[in-house]
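Peer 1: Generate a structure from the sequence data that follows.
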Amino acid sequence: MSAAVFPGAEAVLAAARLLAGGAAPALLAIDGRCGSGKSTLAAWLAEQLPCNLVHMDDFYLPMDRRRPDWAEHPGANMDFARLRAQVLAPLLAGQEAAYRAYACRRGELLPAVALPPRPLTIVEGSYALHPALDVPYACRVFLTCAPACQRARLQKREGGRYPAFAQRWIPLEEGYLAAEHPERGCDIVLDTTGAAVV
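Peer 2: Numbering: from 1, shown residues only. So this is what the prediction gives:
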């Protein structure tokens, strides 16, 4: 097994391992601040375990389907209903799921992706723990990091797109975190400040 991606990741792996060995299909959520390592942790877990990996970024609502005041309502840019109906409900029922990811930059749905029934499905990304999604997660994980750390990581990752994160996406995300406090109901909370997160 490869080394853990950052301190605390082994605890998440241990929880995921238990779920992957269970008798019934289970869901594990990884939510948290952008730049905190959600995608890195989820990808590492998927390398260690036979599981499905679902990205919240694939379920943004097209602009023409968002309510006019969507930016004032945390999570109103997400297609929770489609994620629940097309992916999570079938997988929890032990059935194959199929969905088309929405590519924001292209403004279109990508070709269909099929997910086989597996004991564990990991849902990673901002808004994974939004109450509007309303799915029975067996384990909830929240990642955070200090603002300066977040800024440095996002500047490195996004390059010229970073100003859009600073001006729109980070404030929207912080609005969600302030309104819903998803970390309060989590089984594991990790602060990745100072860790080498890609």
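
Peer 1: Any idea how many residues pack against Pro68?
Peer 2: Close neighbours of Pro68, defined as other CB atoms under 10 Å, add up to 6. C-betas here are computed from N, CA, C, even on glycine.

Peer 1: Tell me where this protein has helices.
Peer 2: For the chain, applying DSSP state H gives helices covering 9-20, 38-48, 80-83, 89-92, 147-158, 162-164, 170-180.

Peer 1: burial count for the nearest residue to Pro74 once chain neighbours are set aside?
Peer 2: Once flanking residues are discounted, Pro74 sits nearest to Tyr176: 3.6 Å by CB to CB, 6 or more residues apart in numbering. Applying other CB under 10 Å, we find 22 residues neighbouring Tyr176.

Peer 1: quick revisit: and of the helices of the chain, who's closest to Asp57?
Peer 2: helix 38-48 (8.6 Å; CB to CB).

Peer 1: now the closest one: how far from the chain's centre is it?
Peer 2: 11 Å (CA atoms, centre = their mean, to the nearest Å).

Peer 1: in it, what's buried?
Peer 2: Judged by neighbour count using 16 or more other CB atoms under 10 Å, the buried positions of helix 38-48 are Lys38, Ser39, Thr40, Leu41, Ala42, Trp44, Leu45, Ala46.

Peer 1: got a list of what Leu18 touches?
Peer 2: Residues counted as contacts of Leu18 (CB atoms under 8 Å, 6 or more residues apart in numbering): none.

Peer 1: repeat that with 10 Å
Peer 2: Ala26, Leu120, Ala138, Cys139 (CB atoms under 10 Å, 6 or more residues apart in numbering).

Peer 1: Also Leu45?
Peer 2: By CB under 10 Å, 6+ apart, the contact list for Leu45 reads 5, 9, 12-13, 15-17, 20, 28, 30, 51, 53, 120, 122, 124, 141.

Peer 1: Closest to Phe80 out of the buried residues of helix 38-48?
Peer 2: Lys38 (17.4 Å).
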